[in-house]
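Colleague: please work out how this folds:
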Amino acid sequence: MKTKINSFSLSVILIFLFNLSGFSQTHYNQQWPSFRGPFALGFIENAKIATIWNAETGEHIRWKTPIPGLGHSCPVIWDNYLFVTTAVSTTSSESLKVGLYGDIDEANDSTIHEFKVYCLDKSSGKILWERLAHKGIPKSKRHTKASQANCTPATDGKYLVVHFGSEGMYCYDFMGNLIWKKDMGIINPGFAAVPGIEWGYSSSPIIFKNRIIVQCDIPKNPFIAAFDLPTGNEIWRTAREEKAQTYVTPAIYTKNGKTQVVANGFTDMCGYDFETGNEIWKLGNGGDIPTPTPVIANDLIYLNGAHGKFSPIFAVRPTAKGDITLADDSTKNQYIAWSVKRGGAYMQTPLVYNGYLYNLQVNGQLTCFDALTGEEKYKESLKEAFTASGIAADGKLYFSSEDGNIYVVQAGPAFKLLAKNVLKDICMATPAISGNTLYFRTQHFLFAVE
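Modeller: So this is what the prediction gives:
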């Protein structure tokens, strides 16, 4: 009999992680503190959220607040505070080209930009404060599909950390007071096959045990590093051997008092010791230019590749040590529970929910796997372009297309489309969940759907 991890077990795991983390007594697993929520899982439990809404009539729309500028960063939430970042051109409107295309073009961002942080009341949508982190011509260029505010903020309930790539990393308290700022140098990942092309930085910071983890896979001297949260001081920095730039956010795995930082990559996917930054294991043959964040579930580490010769999905055992790269004719070994050679998502982080892994590709192809065995359950096409990653709650999956159409799919081994809701605005950011409300960040607005 196949064993499925249930909602209760997942809640126990999250509470266990929360107790180890040293965060405040607020129930961490009910916050949405960083990219894809608590520990990047992409879901929360005990939420009763909408299936159908109407952005035109206002049905189930709690509030709608305009946000100036252009930003693909996702909203993060702690208690009643919602945070988001943006970059506002002071002299022209921000260009954005979406859809399925393979151009390597850079956007013309040579105008002065204001790099801003917004804090909103999550209940009303009212802007509580805004802060100007930096003003100037962007030091790095971006892709025509990207923004100058790609990185999702991170918070522990006391501090808010925002990363604007080459414009620096900033730490605020919840009243908007600047605690510290840090010059991170020029961070300009692009297309390794065409040196000099810059596509914009998008690896979001994460917070665990009073430390900030940042992954910077840039053309020269790529690294992953830990910084002290209250001061911004660097604790350790580990060089990475990336031959192609990546855009991934790292993840945390912790159990029995031992914690590792997991980093996706092209040359190597790696696990690092949280305390020292020393490499624990590495896995080769990932896809080039990856973006998906590692996902921790079922006591496994799920890693997606990207496009090119390799686009795999791996389920790695956290006991891995050394080089665990698969032989060419293998799909598993001592440390890899299962894998598929091709079909992993290029942009989206996979969603592992109630025993199944949902892999959504940029062209809308959605594949469901048994998360423990890798057995394919279904493959369906949503027939649109997607960049945002999926989220889940209340037995439902939510996938946001670039055109702002939100597909609601029933969780489980059989495909069932429950609804298709229209926001009528471009949607590149992964949504958030808090309480019984969904929060969507589109090109021009923040929506609260209850």
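Colleague: so what's residue 267 up against?
Modeller: Shown in contact with residue 267 (Cβ atoms under 8 Å, 6 or more residues apart in numbering): 240-244, 284, 286. To be clear about C-beta, it is placed using only N, CA and C from the backbone, and glycine gets the same treatment.
Colleague: which one (most neighbours) among these?
Modeller: When the contacts of residue 267 are compared by neighbour count (other Cβ atoms under 10 Å), residue 286 ends up highest, at 25 neighbours.
Colleague: any idea how far the closest residue to it other than its chain neighbours is from residue 404?
Modeller: Excluding the flanking residues, the one nearest residue 286 by Cβ to Cβ, 6 or more residues apart in numbering is residue 305, at 4.4 Å. From residue 305 across to residue 404, the span is 28 Å (Cβ to Cβ, to the nearest Å).
Colleague: check residue 173 too.
Modeller: Between residue 173 and residue 404 the distance is 34 Å, computed by Cβ to Cβ.
Colleague: neighbour-wise, which of the two wins?
Modeller: It is residue 404, of residue 173 and residue 404, that has more neighbours when counted by other Cβ under 10 Å, with 22 against 11.
Colleague: where does the protein have low pLDDT?
Modeller: 1-26, 308 (pLDDT under 70).
Colleague: one more time with 50, if that's ok
Modeller: Counting by pLDDT under 50, the ranges of the chain that qualify are 1-26.
Colleague: all helices for it, in order.
Modeller: 7-21 (DSSP state H).
Colleague: distance check, residue 57 against residue 425.
Modeller: With the distance defined as Cβ to Cβ, residue 57 ends up 16 Å from residue 425.
Colleague: same question but for residue 314, I mixed them up
Modeller: 35 Å.
Colleague: the closest residue to residue 146 other than its chain neighbours: what's it in contact with?
Modeller: In space, and not counting its chain neighbours, residue 146 is closest to residue 200: 3.9 Å by Cβ to Cβ, 6+ apart. Residue 200 sits next to 140-143, 146-148, 150, 165, 189 when contact means Cβ under 8 Å, 6+ apart.
Colleague: tell me the one of those nearest residue 293?
Modeller: Closest approach to residue 293 among these (Cβ to Cβ): residue 150, at 13.2 Å.
Colleague: make sure residue 66 is actually in contact with residue 444.
Modeller: Yes - Residue 66 lies in contact with residue 444 (Cβ atoms under 8 Å); the separation is 6.0 Å.
Colleague: so which of those two has more stuff around it?
Modeller: Under the criterion of other Cβ under 10 Å, the comparison of residue 66 against residue 444 puts residue 444 first, with 13 against 9.
Colleague: got a list of what the more buried one touches?
Modeller: For residue 444, the contact set (Cβ under 8 Å, 6+ apart) comprises 66-67, 425.
Colleague: now with 10 Å?
Modeller: 64, 66-70, 425-426 (Cβ atoms under 10 Å, 6 or more residues apart in numbering).
Colleague: which one of the residues you listed has the most neighbours?
Modeller: Result: residue 70 is most packed of the contacts of residue 444 (other Cβ under 10 Å), 26 neighbours.
Colleague: gap between that residue and residue 191?
Modeller: Distance, residue 70 to residue 191, by Cβ to Cβ: 21 Å.
Colleague: likewise residue 148?
Modeller: Relative to residue 191, residue 148 is positioned 18 Å away (Cβ to Cβ).
Colleague: what about the two, which has more around it?
Modeller: residue 148 (29 against 18).
Colleague: that one contacts residue 109, correct?
Modeller: Yes - Residue 148 lies in contact with residue 109 (Cβ atoms under 10 Å); the separation is 6.3 Å.
Colleague: so what sits against both of those two?
Modeller: Contacts common to residue 148 and residue 109, judged by Cβ under 10 Å, 6+ apart, are 70, 87, 89, 94, 138, 140-142, 200.
Colleague: need the residues you listed in JSON lines (columns: distance to residue 268).
Modeller: As requested, the shared contacts of residue 148 and residue 109 are arranged in JSON lines below (distance: Cβ to Cβ, whole Å):
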{"residue": "70", "distance to residue 268": "33"}
{"residue": "87", "distance to residue 268": "31"}
{"residue": "89", "distance to residue 268": "37"}
{"residue": "94", "distance to residue 268": "35"}
{"residue": "138", "distance to residue 268": "30"}
{"residue": "140", "distance to residue 268": "24"}
{"residue": "141", "distance to residue 268": "27"}
{"residue": "142", "distance to residue 268": "26"}
{"residue": "200", "distance to residue 268": "23"}
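Colleague: okay, and which of those map to strands?
Modeller: Under the assignment DSSP state E, these contribute 87, 89 to strands.
Colleague: most neighbours among the shared contacts of residue 148 and residue 109, which one?
Modeller: residue 142 (29 neighbours).
Colleague: list the contacts of that residue.
Modeller: 70, 72, 87, 94-96, 106-109, 148-150, 165, 188, 190, 198-202.
Colleague: what ranges do the strands span in the stretch 201-350 of the chain?
Modeller: 206-208, 211-216, 223-228, 234-239, 251-255, 258-263, 269-273, 279-283, 295-297, 300-304, 313-316, 322-323, 336-340 (DSSP state E, counting those that start in this stretch).
Colleague: can you tell me which of those is nearest to residue 391?
Modeller: Of all those, strand 295-297 comes closest under Cβ to Cβ, at 12.1 Å.
Colleague: and that closest one, which strands flank it?
Modeller: Sheet pairing of strand 295-297 (DSSP bridges) gives strand 300-304 (antiparallel).
Colleague: could you export the partner strand as CSV, CA atoms only?
Modeller: As requested, the backbone C-alpha atoms of strand 300-304 are provided in CSV (Å, rounded to 0.1, in the frame of the first residue of the first chain):
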residue,chain,number,x,y,z
LEU,A,300,12.6,14.4,0.4
ILE,A,301,14.1,17.4,-1.5
TYR,A,302,12.5,18.0,-4.8
LEU,A,303,14.5,19.7,-7.5
ASN,A,304,13.5,20.8,-10.9
